[in-house]
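1. For reference, the sequence and a predicted model appear below.
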Amino acid sequence: MPKIAQAPLGMSAESTQRWTENYRLATQDSGRLFLMAGDQKAEHLNDDFVGGHVATDDSDPEHLFRIASEAPVGCFAAQMGLIARYGMDYRDTPYLLKLNSKTHLIKTAQRDPVSLQWQSMAQVHDFVRHSGLRVVGVGYTIYPGSEFEPTMLSEAARIIQDAHAMGLLAVIWAYPRGKAVGEREQDPHLIAGAAGLAACLGADFVKINPPLDAAGAMDGTLLGEAVAAAGRTQVICAGGSETDAPEFLQRLYEQIHVGGTQGCATGRNVHQRSQPDAVNFCKAIHAIVVHNQGVDEAVKLLHPNA
């Protein structure tokens, strides 16, 4: 059964109540999180939004908001600036503000990765207060193993504490990366360490890349170490690049029911599809994550009129 989280200590009674309301909204009372990720607009520039198999709709940033407003996602994560430009037309969507990002232009071979905070928490507070949007949380990326790790950890710790003081959820993207990590970015033991690090920071959820076995394949059993290391910080897996929908759903089911994860964070696999296909795909993901249904039931939602 999914784990229903308790609010962390150290918050006021008012903030604890607000955190609990945001947690229930984001997890849809299931204890699991289906996060739709739109932060690739900064992370991958335009590479994920045009060309090849990508739906032509995806070239328009509003495509993200149309999907998130119609699909049963727990929250939609994007940079505050993007949400400020479109959120007025999509006020019912639960949002998660992604507070740092970097582009993919500078490769690890050239320089260890660093991603620093864009907005202060005072700016976040003002945005939440004045926008009228339902902001359920904030997100921040750390790169354990980078030479800039201490700076990112310091920012992450402050952000998490300030978010909790506002009654917001704190989600940490934790990706081992840098010259000290080398080719071990998806090593199960190292990913487990990153998940435990997010727990030490006090994160409510930690988003990780699923670990790979020696042959380079995803194996749900390898997630057990990361889930154990994270403890009461709930683990969700990144969705990765766009793939076959039934294959994705099978992998997601294994991550949850074999690996013990508590949801998923999915971007390209959603928004690179046309709006109708993306919404149906989200319904299938929602069936597994929130309603605890099997893969066969979820696959039926991909083509409801078939």
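-> Happy to help now that I have it.
2. just the strands in this protein please.
-> 33-37, 75-79, 94-98, 134-142, 169-174, 205-208, 234-238, 263-266 (DSSP state E).
3. quick one, helices of the stretch 201-306 of the chain?
-> Assigned by DSSP state H, counting those that start in this stretch, the helices in the stretch 201-306 of the chain fall at 224-230, 245-257, 268-271, 275-289, 295-300.
4. could I get the third one in PDB with only the CA atoms?
-> Taking only C-alpha atoms (Å, rounded to 0.1, in the frame of the first residue of the first chain), the coordinates of helix 268-271 have been written out as PDB:
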ATOM      1  CA  ARG A 268       8.800  14.200 -22.700                       C
ATOM      2  CA  ASN A 269       6.700  11.000 -22.700                       C
ATOM      3  CA  VAL A 270       3.700  13.300 -22.200                       C
ATOM      4  CA  HIS A 271       4.200  16.600 -23.900                       C
END
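5. Packing partners of that helix?
-> helix 62-70, helix 275-289 (3 or more CB pairs under 8 Å, 6 or more residues apart in numbering; DSSP states H and E). For glycine as for every other residue, the C-beta is placed from the backbone atoms N, C-alpha and C.
6. circling back: just send the strands of the chain back as TSV, with mean neighbour count too.
-> Listed next are the strands of the chain as TSV, based on neighbours: other CB atoms under 10 Å:
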stretch	mean neighbour count
strand 33-37	28
strand 75-79	25
strand 94-98	27
strand 134-142	26
strand 169-174	28
strand 205-208	27
strand 234-238	25
strand 263-266	26
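7. Pull the contacting residues for the residue nearest the centre of the chain.
-> Here the mean C-alpha position of the chain is nearest to the C-alpha of residue 265 (CA atoms, centre = their mean), at a distance of 3.9 Å. By CB atoms under 8 Å, 6 or more residues apart in numbering, residue 265 lies in contact with 33, 35, 36, 37, 77, 207, 236, 237, 238, 239.
8. Tell me the bridge partners for it.
-> As for beta bridges, residue 265 partners with residue 35, residue 238 under DSSP bridges.
9. pLDDT at it, what is it?
-> On pLDDT, residue 265 comes in at 97.
10. if we can go back for a sec, if you compare the helices of the stretch 201-306 of the chain, which one is most tucked away?
-> Across the helices of the stretch 201-306 of the chain, averaging neighbours per residue (mean count of other CB atoms under 10 Å) puts helix 268-271 on top, at a mean of 24.
11. Run the chain-centre distance for that helix.
-> Its chain's C-alpha centre and that of helix 268-271 lie 13 Å apart, by CA atoms, centre = their mean, to the nearest Å.
12. same deal with stretch 244-259?
-> 16 Å.
13. of all the strands of the chain, which lies closest to residue 255?
-> Ranking these by proximity to residue 255 (CB to CB) places strand 234-238 first, at 5.2 Å.
14. what's the angle from the closest one to strand 169-174?
-> 50 degrees (axes from the mean of the first three to the mean of the last three CA atoms, to 10 degrees).
15. Which residues does strand 234-238 contact?
-> Applying CB under 8 Å, 6+ apart, the set of residues contacting strand 234-238 is 3, 5, 31-33, 35, 37, 173, 195, 204-210, 223, 226-227, 252, 255, 260-266.
16. please redo it, this time with the cut-off set to 7 Å
-> 3, 5, 33, 35, 195, 204-210, 226-227, 255, 261-265 (CB atoms under 7 Å, 6 or more residues apart in numbering).
17. Return the angle between stretch directions for that strand and helix 245-257.
-> 160 degrees.
18. mean confidence for strand 234-238?
-> 97.
19. Brilliant, that's me finished.
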